[in-house]
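Visitor: Quick one, fold the following:
(2 chains)
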Amino acid sequence: MTMDPALDTVAGLAAALASRKLSSVEVTAALLDRIERAQPRLNAFITVDREGALAQAAQADAARARGDAAALTGVPIAHKDVLMTAGLRTTCGSRMLSGFTAPYDAFVVDGLRRAGTVLVGKTNMDEFAMGSSNETSYFGTVKNPWNTAYVPGGSSGGSAAAIAARLVPGATGTDTGGSIRQPAALTGICGLKPTYGVCSRYGLIAFASSLDTPGPFARTAEDCALLLNAMAGHDERDATSLARPNEDYTRDLAKPLAGLRIGLPREYFGAGIDADVAAAVDAAIGEFRKLGATTVAIELPAAKLSVPVYYVIAPAEASSNLSRFDGVRYGHRAAEYGNLLEMYKKSRAEGFGAEVKRRILIGTYVLSHGYYDAYYLKAQQVRRLIADDFQRAFMQCDVIMGATTPGAAFEFGAKSADPVQMYLNDIFTIAGNLTGAPAISIPCGFTRAGLPIGLQIQANYFREAQLLNVSHRYQQATDWHARAPEAFQ
Amino acid sequence: MILYDALFALIKREKRPAPAAFQATQDRRAAAPGNKPMTLTLHDVERIAHLARIEISAGEAADVHAKLEAIFAMINELASIDTTGIVPMSHAQDMTMPLRDDRVTETDQRARFQQQAPAVEDGLYLVPRVVE
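Guide: The predicted model follows:
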């Protein structure tokens, strides 16, 4: 069976479009048809912009005809619905913003537009990016393309499912506690969380400002590099955006791995890890040894505190950020109320779902009078202990490897009644957000039940090119990333 | 809960004296009759829901209370970690906030932005009467 050419990777499509083997209109129309057919089964999209996408595709083809093509001209992609897209509905997966049209483009949306990509639609997500299973979206759950009885992970579950099901070759996500890497692992694709500050947060609807990080999703590391090239850069409109020279993230892809030192944290292996996941991770590390890497045992003693630290810092920042939704300037307003206070309370009670309210309440409590030092300040101190552990580890190794998640995808409802169980799914990913250092999840095998397994690779600040190099070399030697769910080949 | 137990077993064994700020809070809470240290009460839930401007029914408050208790049981593990003299890390990059030139950069887009508002009139946002 020959693969439909429209289902190629970002790099493959960019080459086919450049050589005029395909037009953007052909590719975009083919993918829009796939999206339409898959939507009842997966619910990966909140908004599909067929008309706008075909118009952009025609413009892309015209630009190429006049010799005006950029790196990704005509390649269709999707954006997570937490990113503002000018003129297009942007909901954050919430009833609160179900009628909201973004007045401007997010920095990363603008960057990908300027690189020539065609925006086909906005992907489903956990409400305000709060969740690890996509079960908190106001627009319904996203299904895992590998088995629709299972969650795709969250919060960027729609973007991940769309790529796994070959509905788009690339998409954006945002990662606050693992929201790119965890769904990438659970759906068998690649997801990169860059260093905090490398991609501007301008136009990313804020959840936890000191942790929120936009990043790319794709099937290969090479594609992630191409997308990151268009997403990274300094932006004055985000005070935490870093002024650094532009990088070409594809530059080191082919570098040999001989001499690479892989750190294996004692804390990431052993009790609590699913046996199939542990076996796949061990096999992947064996593959890296064959590619010339060496391994070194390291310790990250404070890393196990990541989850409690995160569940102080993230809700604290969320409670502050989400106070802007008051039913006055934008967003949902209750139909009936007696006075201003009641209007606020009813609008927010109706506009937010249970998980969002829970986190606002946690945040309000830890920031309230008399508790700030015991919770927020304490969590920030332990955050530094965690970051110090990683700095010590990176003196012994170049990258750190382990499972992205303790287990593969779980069934709907399996953890939704117990928030603590759900939160612990992000045990390995959260540290990367607390430190701000980059990390990637790449597919490294399947469970006996046929569900994908992710390998997380972490590196020190600004080593995205190295993460992509390490991932790319692994993908040259293995084919996990090329497998597609049977129903979506 | 297996993972949770495994992860925190080590910390529990290494219990160190709680720092003064935490200890003070703990003492104050413990002094209130019927309160366990750092226990979140149903009344606390109602109070913070009011502070957060979220209407909450009695039934919801009870459910939220049960879930928050479990979450705070996890969070409270932090209290046993010695952080004496540790500088809080408020940000992923230890950077100073950049300053820009003091010049006007924004243009008037009120009419455009007000298209999103639930209720406007003559360029004003409408809310219930605040001053009688």
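Visitor: what pLDDT does residue 42 get?
Guide: Because you didn't say which chain, this covers chain A. A:Leu42 is assigned a predicted lDDT (pLDDT) of 98.
Visitor: Chain B was what I was after
Guide: B:Leu42 is given a pLDDT of 94.
Visitor: Kindly report the same for the one 3 residues further on.
Guide: B:Val45 carries a pLDDT score of 96 in this model.
Visitor: Relative to chain B, which residue of chain A is the closest?
Guide: Distances between chain A and chain B by C-beta to the nearest C-beta are smallest at A:Gly436, namely 2.5 Å. (C-beta placed from N, C-alpha, C; glycine too.)
Visitor: Point out the residues in the stretch 1-150 of chain A that sit beside chain B.
Guide: Within the stretch 1-150 of chain A, the positions near chain B by C-beta under 8 Å from any C-beta of the partner chain are A:Phe100, A:Thr101, A:Pro103.
Visitor: Would you mind giving those as CSV with distance to A:Thr187, secondary structure and pLDDT added?
Guide: Formatted as CSV, these follow (distance: C-beta to C-beta, whole Å; DSSP: H, G, I helix; E, B strand; the rest coil; pLDDT from 0 to 100):
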residue, distance to A:Thr187, secondary structure, pLDDT
A:Phe100, 27, coil, 97
A:Thr101, 29, strand, 96
A:Pro103, 32, coil, 93
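Visitor: Can you give the contact residues for the host helix or strand of A:Arg37?
Guide: Per DSSP states H and E: A:Arg37 is located in helix A:24-42. Outside helix A:24-42, the residues that touch it by C-beta atoms under 8 Å, 6 or more residues apart in numbering or on different chains are A:4-6, A:13, A:17, A:44-45, A:48, A:50, A:53-54, A:56-58, A:60-61, A:64, A:73-76, A:118, A:120-121, A:142-143, A:145, A:148, A:161-162, A:165-168, A:487-488.
Visitor: Just the element for A:Met343, please.
Guide: Secondary structure assignment for A:Met343, by DSSP H and E: helix A:340-351.
Visitor: Ok, B:Ala70 next?
Guide: B:Ala70 is part of helix B:58-75, with elements assigned from DSSP H and E.
Visitor: got the buried residues for the helix or strand following that helix?
Guide: Using DSSP H and E, the next helix or strand after helix B:58-75 towards the C-terminus is helix B:110-114. Of all the residues in helix B:110-114, those buried under the rule 16 or more other C-beta atoms under 10 Å in any protein chain shown are B:Gln114.
Visitor: Identify the neighbouring strands of the helix or strand following helix B:110-114 in the sheet and state each direction.
Guide: Later in the chain than helix B:110-114, the nearest helix or strand by DSSP H and E is strand B:120-121. Taking DSSP bridges as the criterion, strand B:120-121 forms sheet pairs with strand B:124-125 (antiparallel).
Visitor: For chain A, which element, helix or strand, carries the lowest mean pLDDT?
Guide: Lowest mean confidence among the helices and strands of chain A (mean pLDDT, DSSP states H and E): helix A:419-423, at a mean of 87.
Visitor: For the residue most central in space within chain A, give its distance to A:Thr174.
Guide: The residue lying closest to the centre of chain A (C-alpha atoms, centre = their mean) is A:Ile180, at 2.1 Å. Remark: distance between A:Ile180 and A:Thr174 (C-beta to C-beta, to the nearest Å) = 7 Å.
Visitor: so what's in contact with the two at the same time?
Guide: With contacts defined as C-beta under 8 Å, 6+ apart, the residues shared by A:Ile180 and A:Thr174 are A:Ser156, A:Thr213, A:Gly215.
Visitor: okay, these in TSV with pLDDT and neighbour count next?
Guide: Listed next are the shared contacts of A:Ile180 and A:Thr174 as TSV, based on pLDDT from 0 to 100; neighbours: other C-beta atoms under 10 Å in any protein chain shown:
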residue	pLDDT	neighbour count
A:Ser156	98	35
A:Thr213	98	26
A:Gly215	98	30
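Visitor: Among those residues, which one lies nearest to A:Arg384?
Guide: A:Thr213 (18.8 Å; C-beta to C-beta).
Visitor: can you pull the buried residues of the helix holding A:Met343?
Guide: A:Met343, A:Tyr344, A:Lys345, A:Lys346, A:Ser347, A:Arg348, A:Ala349, A:Glu350, A:Gly351.
Visitor: In contact with the residue lying farthest from the centre of chain A, which residues are there?
Guide: The centre of chain A is farthest from one residue, A:Gly338, which by C-alpha atoms, centre = their mean lies 41.4 Å away. Contacts of A:Gly338 were listed using C-beta under 8 Å, 6+ apart, and they are B:Pro128.
Visitor: switch to 6 Å and redo it
Guide: With contacts defined as C-beta atoms under 6 Å, 6 or more residues apart in numbering or on different chains, A:Gly338 is in contact with no residue.
Visitor: With A:Ile262 instead?
Guide: Counting by C-beta under 6 Å, 6+ apart, A:Ile262 touches A:Ala293, A:Thr295, A:Val399, A:Met401.
Visitor: Most neighbours among the residues you listed, which one?
Guide: Counting neighbours by other C-beta atoms under 10 Å in any protein chain shown, the top entry in the contacts of A:Ile262 is A:Val399, with 25 neighbours.
Visitor: about what we covered before: PyMOL command for the buried members of the residues of the stretch 1-150 of chain A next to chain B?
Guide: Buried residues among the residues of the stretch 1-150 of chain A next to chain B (16+ other C-beta under 10 Å), as a PyMOL selection:
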select buried, chain A and resi 100+101+103
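Visitor: Put together CSV for the residues of the stretch 1-150 of chain A next to chain B, with distance to A:Asp248 on each row.
Guide: CSV is the format used below for the residues of the stretch 1-150 of chain A next to chain B (distance: C-beta to C-beta, whole Å):
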residue, distance to A:Asp248
A:Phe100, 36
A:Thr101, 35
A:Pro103, 32
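Visitor: Flag every buried residue along the helix holding B:Ala70.
Guide: Within helix B:58-75, the residues scored as buried using 16+ other C-beta under 10 Å are B:Glu60, B:Ala61, B:Val64, B:His65, B:Lys67, B:Leu68, B:Ile71, B:Phe72, B:Met74, B:Ile75.
Visitor: what comes into contact with it?
Guide: Counting by C-beta under 6 Å, 6+ apart, residues outside helix B:58-75 touching it are A:Pro308, A:Tyr311, A:Val312, A:Pro419, A:Val420, B:Leu40, B:Leu42, B:Val45, B:Glu46.
Visitor: biggest separation within these, which pair?
Guide: Greatest spatial distance among the contacts of helix B:58-75 (C-beta to C-beta): A:Pro308 and B:Glu46, at 24.5 Å.
Visitor: Of these two, which one has the most company?
Guide: Comparing A:Pro308 with B:Glu46 by other C-beta under 10 Å, the one with more neighbours is A:Pro308, at 28 against 15.
Visitor: wait, A:Pro406 sits on A:Ala275?
Guide: No: counting by C-beta atoms under 6 Å, A:Pro406 stays clear of A:Ala275, with 11.1 Å between them.
Visitor: Please enumerate the helices of the stretch 51-200 of chain A.
Guide: With helices called from DSSP state H, counting those that start in this stretch, the stretch 51-200 of chain A shows them at A:107-114, A:157-164, A:181-187.
Visitor: whoops, I mixed them up, the stretch 201-350 of chain A
Guide: Counting by DSSP H, counting those that start in this stretch, the stretch 201-350 of chain A has these helices, from start to end: A:221-231, A:275-290, A:306-321, A:340-351.
Visitor: Quick one: work out the angle between the first one and helix A:107-114.
Guide: Which is helix A:221-231. Here the directions of helix A:221-231 and helix A:107-114 differ by 100 degrees (axes from the mean of the first three to the mean of the last three C-alpha atoms, to 10 degrees).
Visitor: which other residues reach helix A:221-231?
Guide: If you take C-beta under 6 Å, 6+ apart as the criterion, helix A:221-231 is touched by A:9-11, A:108, A:111-112, A:115, A:170, A:190, A:192, A:199, A:216, A:218, A:249-250, A:253, A:468, A:471-472, A:475.
Visitor: Among those residues, which ones are in strands?
Guide: When DSSP state E defines the strands, the subset of these inside them is A:Gly170, A:Cys190, A:Leu192, A:Pro216, A:Ala218.
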